[in-house]
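> Build me a model from this:
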Amino acid sequence: MHRTSGNGRGTGDPGGVGTAVVVGGGIGGLTAAVALHQRGVRVTVLERAPSLEPVGAAISLAPNALRALDVIGLGDEIRALAAWQGDGGVRAPHGRWLSRSSAEAVAERFGGPLVLLHRSTLVDALAARLPDGTVRTAADARVTDPGDPADPGRPARVRTADGREFTADLVVGADGIRSAVRATLFPDHPGTVYSGFTTWRIVVPLPGTAFAAHETWGRGRIWGTQPLKDGRVYAYAAALAPAGQRADDERAELLRRYGDWHDPIPAVLAAARPEDVLRHDVHHLAEPLPAHHRGRVGLVGDAAHAMPPTLGQGGNQAIEDAVVLAHHRADLAAYSAARLPRTTRITRQAVRVARLNLTGSRTAVVVRNTVLLVLSKAGPALFLKGFDGIADWRPPRESHTRPESAHGDTVCSGQTTAGERPGN
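Residues are numbered from 1 along each chain as shown. Below is the predicted model of the structure:
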């Protein structure tokens, strides 16, 4: 039996947390690991999969997540690796622009750009900030005791499927939408519900095809096409569908649903192979958890607040969670107080947006499109108003650590704040 013991002594961490185990090696878990490591915590990451290679899809990072990455000195590296999302907007299936977006307006309103990169690029950048041996793959882990922060003699305990046991001052549950850690902490919670729609994702090369980034809204269906910095294209689609429904050939299913939509959608589908297409049903936590922690265990990302992807905030909120959890590592009640209201509000907003984007009513589609046209004529600032309080978020500040961002600015200074106030 392997034991990793932590009592917080002799680590140089002013937060009193000496050791941490992160269950899950996705974006939220790795960000938490890096943030804790930089604060002097000895971290072990246990990832169930045989490698850290994520699914073949991209992630959009808004200014709020980039500012969180600045806390761990990674923000400018990611800005340099990513494609800055420029002018584009929302279109109808026949190609008419319903609204136009402005990269300049986004940066001016929210203090930074919106960027897009492959998930593997972000995962690799995060993993590179951790000491060798920190991440252990093929390690399916479960929390066996959440521990008691009031009792120094009762650390949290984690056991892997092969019988290894780890004890730690802090455990981070970052094991995704079907989180076993969440189920252990809150066994009476109903868990996730089906959001009513399924999604497809594709990353393909598309040389010689010029297009403006767009999201296209039809009746009960949407499609998005976004360029990556390396010349490939990230495309995604969503449609109302019964849970669990699958096609024998998902590329053929996309052709059936979207093949007659405007350019460059047919070109993307022509470039894709059946094996390039990923399909997943969407689930979310309709009932918020009572807290994002119990004992010495804190939840981040989908484990804490699974949400539909319609605001593009799932991964962004996981990154926020990670740096805030590291900030409140010795006081998880403060972490819950900081994160639960915000993520609950954003989850509910994402559900509302999904209902709007994917409405199956012909009348509602006409009304929706008309409203988009009106808002677009009023200017991008009015259209962007829906992201106020989301993309303008800033990380909490702390006095005892002063990591430098790649900008050369001190990103953690001053007095500790009691919560997160967007725009402060």
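> I'd guess Val203 is in a strand, am I close?
Yes - using DSSP: H, G, I helix; E, B strand; the rest coil, the secondary structure at Val203 is a strand.
> neighbours around it, how many?
21 (other CB atoms under 10 Å). To be clear about C-beta, it is placed using only N, CA and C from the backbone, and glycine gets the same treatment.
> and it, what does it touch?
By CB atoms under 8 Å, 6 or more residues apart in numbering, the residues touching Val203 are 56-58, 118, 228, 232-235, 276.
> change it to 7 Å
Residues near Val203 by CB atoms under 7 Å, 6 or more residues apart in numbering: 56-58, 118, 232, 234.
> Do you have the helices of the chain handy? List them.
Using DSSP state H, the helices of the chain run over residues 27-37, 63-71, 75-81, 103-110, 119-127, 180-185, 250-258, 265-271, 302-305, 314-327, 332-357, 362-378, 380-384.
> Compare these and give me the one nearest Trp200.
Closest to Trp200 of the helices of the chain is helix 250-258 (CB to CB; 5.9 Å).
> how far out from the middle of the chain is the closest one?
Centre-to-centre, helix 250-258 and its host chain are 27 Å apart (CA atoms, centre = their mean, to the nearest Å).
> Please give me every residue in contact with Ala237.
199-200, 222-223, 254, 258.
> do you know how far it is from Arg251?
In this view, Ala237 and Arg251 are 11 Å apart by CB to CB, to the nearest Å.
> What's the local residue count around His293?
By other CB under 10 Å, 29 other residues sit near His293.
> contacting residues for the residue nearest to it when sequence neighbours are not counted?
Leaving aside its chain neighbours, His293 sits nearest to Leu332 (3.7 Å; criterion: CB to CB, 6 or more residues apart in numbering). Leu332 sits next to 149, 293, 298 when contact means CB under 7 Å, 6+ apart.
> at 10 Å instead, please
149, 170, 291-299, 325 (CB atoms under 10 Å, 6 or more residues apart in numbering).
> from memory Asp248 sits against Arg256, does it?
No - Asp248 is beyond contact range of Arg256, at 11.9 Å (criterion: CB atoms under 10 Å).
> that older thread, relative to Ile72, which of the contacts of Val203 is nearest.
When these are compared against Ile72 (criterion: CB to CB), the nearest one is His118, at 19.6 Å.
> if I pick that closest one, what's in contact with it?
54, 56-59, 81-83, 124, 203, 228-230, 232, 234.
> and it, bridged to which residues?
Bridge pairing for His118 (DSSP bridges) gives the partners Ala58.
> show me the contacts for Thr184.
142-146, 173, 294, 297.
> Please read off the pLDDT at the nearest residue to Pro274 once chain neighbours are set aside from the model.
What sits nearest to Pro274 in space, not counting adjacent residues and going by CB to CB, 6+ apart, is Arg251, at 4.6 Å. Arg251 carries a pLDDT value of 98.
> circling back: more neighbours: which of Asp248 and Arg256?
In terms of neighbours (other CB under 10 Å), Arg256 is the more surrounded of Asp248 and Arg256; the figures are 11 against 7.
> Pretty sure the more buried one sits against Trp200.
No - taking contacts as CB under 10 Å, Arg256 lies outside contact range of Trp200: 12.0 Å.
> what pairs with Pro166 across the strands?
That one is not Pro; residue 166 is Phe. Val158.
> begin at 57 from here
Let's use 57 as the start, then, which means that last one is Phe222.
> count of neighbours near Ser107?
A count of nearby residues for Ser107, using other CB under 10 Å, gives 10.
> Excluding chain neighbours, what is closest to it?
According to CB to CB, 6+ apart, the nearest residue to Ser107 is Thr193 (5.6 Å).
> Check Val77 too.
Ala224 (4.4 Å).
> what's the distance between the one you found and Gly189?
In terms of CB to CB, Ala224 sits 16 Å off from Gly189.
> more neighbours, the two?
Ala224 (28 against 8).
> The more buried one against Ala197, yeah?
No - if you go by CB under 10 Å, Ala224 and Ala197 don't touch, sitting 11.4 Å apart.
> what residues are shared contacts of these two?
With CB under 10 Å, 6+ apart, Ala224 and Ala197 have common neighbours 77-78, 100, 214.
> From what I see, Val179 and Gly80 are in contact.
No - between Val179 and Gly80 there is no contact under CB under 10 Å: 12.0 Å.
> Just want to know which of those two has more residues nearby.
Using other CB under 10 Å, the more surrounded residue of Val179 and Gly80 is Gly80, with 29 against 18.
> Could you pull up the residues touching that one?
86, 88-89, 101-105, 197, 228-232, 235-237, 356-359, 374.
> which stretches of the stretch 157-306 of the chain have low pLDDT?
Of all residues in the stretch 157-306 of the chain, none has pLDDT under 70.
> what about the strands in it?
Secondary structure of the stretch 157-306 of the chain (DSSP state E, counting those that start in this stretch): strands located at 171-174, 191-192, 197-201, 212-216, 221-224, 226-229, 249-261, 269-273, 277-283, 288-296.
> Determine which of the ones you listed approaches Ser157 most closely.
strand 269-273 (8.3 Å).
> From the chain's centroid, how far away is that closest one?
Using CA atoms, centre = their mean, the offset of strand 269-273 from its chain centre is 21 Å.
> Leu226 is in contact with Gly74, correct?
Yes - using CB under 10 Å, Gly74 makes contact with Leu226 at a distance of 8.9 Å.
> Neighbour count: these two, which is higher?
Neighbour count, other CB under 10 Å: between Gly74 and Leu226, Leu226 has more, with 32 against 21.
> And the pLDDT at Asp143?
At Asp143, pLDDT is 81.
> what about it, how many residues close to it?
14.
> what do you get for the one 3 residues further on?
Val146 sits with 24 neighbouring residues when counted by other CB under 10 Å.
> That one and Val427 touch, don't they?
No - between Val146 and Val427 there is no contact under CB under 10 Å: 11.1 Å.
> residues shared between the contacts of these two?
Shared contacts of Val146 and Val427 (CB under 10 Å, 6+ apart): 154-155.
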